[in-house]
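Participant: After the sequence you'll find the predicted model.
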Amino acid sequence: MENAIELKNLVKRFKTKQKEAGLAGSFKSLFKSKYKELIAVDNVSFNLKKGEIVGFIGPNGAGKSTTIKILAGILFPDSGDISVLGMNPQKDRKKLAFKIGCVFGQKPQLWYHLPAIDTFNLFSKIYELDDEEYKKRLDSLVKMFEVEEILNTPVRKLSLGQRMRCEIVASMLHKPEILFLDEPTIGLDIVAKQKIRELIMDLNKKEKVTILLTSHDTQDIEHLCERIIIINHGRVVYDGSIEKLQKDYLSNKIVSVKFSSEFKGLDMLGIRTISSNKYSADFEIKTEKISIQKFIDSLIKKYDIIDINIAGTPIEEVITKIYGEK
Amino acid sequence: MKKYFEIGKINLMNNLAYSSEFFLKSLFILVILFIFVNIWKAAYAGKEIIDGFTIAMIIWYMLMTESIVTSGSTVIREVNADIQSGGVAYQLNKPYSYIGYYFAKSVTYKLISLVITFGIGAILVYLLVGGIKVSLLSIPLILVSVILALILDFFMLLCIALVAFWFEDTTSLRWIYDKILFTIGGMLVPLEIFPAWLEKISAVLPFSFAVYQPAKLFVSFSMARFLEVTVIQIAYILLFAIIATLIYKKGIGRVTINGG
């Protein structure tokens, strides 16, 4: 399949002004500015196939948003080869703008004091849409996102979930081939999050739009993406399927056991007791050192067991572990 | 072109959602005008004409300059906010020109604001000092001059606003610019009141073409003067538009976006 995005050796540095603490520091910085250089994106490369939906995650300040903004032509890179739909985003910013859509969860693009429909109408002009086609398009998106009822309510009166649905509609009016979603579920409650996820999934399926999604909610990623790219300290630390991530990083299993006899501890290689009390315990099993079967066998020999539950490490923990790596 | 017209339109709608701000600003002008009418009355005690202005002319002149200057432009505040909040990201991912976007927003806003302020002020001025002679034919030409003044003001402000790409906050520069318009721009008094040397310098600087020149045309119109002013206004507009474009081109590569 063709690539929608090709990114090779992207580097972006920022200079930030430094100031010593206190008033004296403020005066000092009036005369002499000290700058600290920060590498926000350090040699990042990846490709996105057309129609793919990829989760792009990393801790705060890892370089996710910077990368997305470079892909959208908003920021200029220091070096690297970038091709988005065959175009260079910095050189062809306006031309590319017709083919991409962006939603930055933390920054609204809808006109705050006006109803969303006014922004939609404005965008139809900005994106030079044919009136007839725009009406049809708006109609279908409005139905899909269930925003008929709130079209004429000033945006400032909408709930965050309603607003986010309208934000996505605004970004989809011109049928972009790529959609950048930067934390689209930020601040939403569970129900609203679920709704947004379903809609994003629908968009990807029905319109074959390529989606690059960032989120701090691992559930978003688990529900939506087959592939994830993890970035930390400006570098890609993982690029592959979620399953593979679980296999690679999750050789550990969590086993919870309930006993009918009193539990007096278990000391074996590859087993860590996470927590325990008289009649129950949670163990972490390093499966490369000891198989689950061996562990259970030896457990059964020592204790009477009422119930046993085996679970993988939650993806969240894997990601926490990766974030913690230097 | 059409998209910029639509941007201007939606900006007006957005501002009219808070129309009280428009009117409050205009009401404030009434207070200023009332004070100045009294000051000028004292200055004119016994005199018919000062530096070629009757008292009625000078008050109408002031109404025009006040209306132009207070029509304001949100471009400085908005570009600052764009840069500080990272909202610039949304301006740059749309298929329009960043400068064109603010041009459309600012000029429509200024024009409407000016019309409202002038309209409200005109009633008070008429009641206090009576009318002045303005020929019907000159009105559209004066309007052209006023619109060009607003455009010139916009591009000068834009040059300041875009410095935000480097300094993030340009409100202090704006403060200085405003004071320049108040003085050598001719907002507070017509340039004729100045000493001759200062009058000469002020009359060729771009600031007077954003304030003094159109207001002077309004109270004493002459065709020759109109043509001269228009040509120079257009030249200055081009100059500042080019400077703004250069600043923009240089600055856009260094945009950093706060708040991830």
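Facilitator: Cool, got the structure.
Participant: how far is stretch B:68-84 from where the chain is centred?
Facilitator: The chain centre lies 12 Å from the centre of stretch B:68-84; the measure is CA atoms, centre = their mean, to the nearest Å.
Participant: is that stretch up against chain A anywhere?
Facilitator: No. Stretch B:68-84 does not reach chain A (CB under 8 Å from any CB of the partner chain); its nearest approach is 10.3 Å. C-beta here means a position set from N, CA and C on the backbone, and glycine is covered the same way.
Participant: The spatially closest residue to A:Ile70 that is not a sequence neighbour: neighbour count?
Facilitator: Distance criterion CB to CB, 6 or more residues apart in numbering or on different chains; nearest residue to A:Ile70, sequence neighbours excluded, is A:Pro77 at 5.1 Å. If you count neighbours by other CB atoms under 10 Å in any protein chain shown, A:Pro77 ends up with 23.
Participant: Where does the nearest residue to A:Ala311 once chain neighbours are set aside sit: helix, strand or coil?
Facilitator: Leaving aside its sequence neighbours, A:Ala311 sits nearest to A:Ile254 (CB to CB, 6+ apart; 4.8 Å). With DSSP: H, G, I helix; E, B strand; the rest coil as the basis, A:Ile254 sits in strand.
Participant: what's near enough to touch A:Asp189?
Facilitator: Neighbour list for A:Asp189: A:Gly161 [criterion: CB atoms under 8 Å, 6 or more residues apart in numbering or on different chains].
Participant: Which elements pack onto the helix or strand harbouring A:Ile308?
Facilitator: Element membership for A:Ile308, per DSSP states H and E: strand A:305-312. Counting contacts by 3 or more CB pairs under 8 Å, 6 or more residues apart in numbering or on different chains; DSSP states H and E, strand A:305-312 is packed against strand A:252-259, helix A:292-302.
Participant: Any idea how far the first one is from the middle of the chain?
Facilitator: When you say that, I think you mean strand A:252-259. Worked out by CA atoms, centre = their mean, strand A:252-259 lies 31 Å from the chain centre.
Participant: Sheet partners, orientation included, of the helix or strand following it?
Facilitator: Counting by DSSP H and E, the next helix or strand C-terminal to strand A:252-259 is strand A:271-277. With DSSP bridges as the test, strand A:271-277 is paired with strand A:280-286 (antiparallel).
Participant: Can I get the strand it pairs with as CSV, trimmed to CA atoms?
Facilitator: C-alpha atoms of strand A:280-286 as CSV (Å, rounded to 0.1, in the frame of the first residue of the first chain):
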residue,chain,number,x,y,z
SER,A,280,-4.7,-14.5,49.2
ALA,A,281,-1.7,-13.3,47.3
ASP,A,282,-0.7,-11.6,44.0
PHE,A,283,2.4,-12.8,42.2
GLU,A,284,4.4,-11.5,39.3
ILE,A,285,5.7,-14.3,37.2
LYS,A,286,8.7,-13.8,34.9
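Participant: Distance to B:Leu143 added to the helices and strands packed on strand A:305-312, as JSON lines?
Facilitator: Listed next are the helices and strands packed on strand A:305-312 as JSON lines, based on distance: least, CB to CB, whole Å:
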{"stretch": "strand A:252-259", "distance to B:Leu143": "77"}
{"stretch": "helix A:292-302", "distance to B:Leu143": "85"}
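Participant: Alongside chain B, which residues does chain A contribute?
Facilitator: Residues of chain A lying near chain B (CB under 8 Å from any CB): A:14, A:60-61, A:64-66, A:69, A:72-76, A:93-95, A:97-98, A:100, A:102, A:104, A:106-107, A:109, A:111-114, A:118-119, A:121-122, A:125-128, A:154.
Participant: Check which residues of the helix or strand hosting B:Ala104 are buried.
Facilitator: Using DSSP H and E, B:Ala104 maps to helix B:98-129. Neighbour-count burial for helix B:98-129, counted by 16 or more other CB atoms under 10 Å in any protein chain shown, picks out B:98-99, B:101-114, B:116-118, B:120-121, B:124-125, B:129.
Participant: list the contacts for whichever residue of the stretch 201-326 of chain A sits closest to chain B?
Facilitator: Relative to chain B, the nearest point of the stretch 201-326 of chain A is A:Thr214 (9.6 Å; CB to the nearest CB). Residues near A:Thr214 by CB under 8 Å, 6+ apart: A:55-58, A:64-65, A:68, A:181-183.
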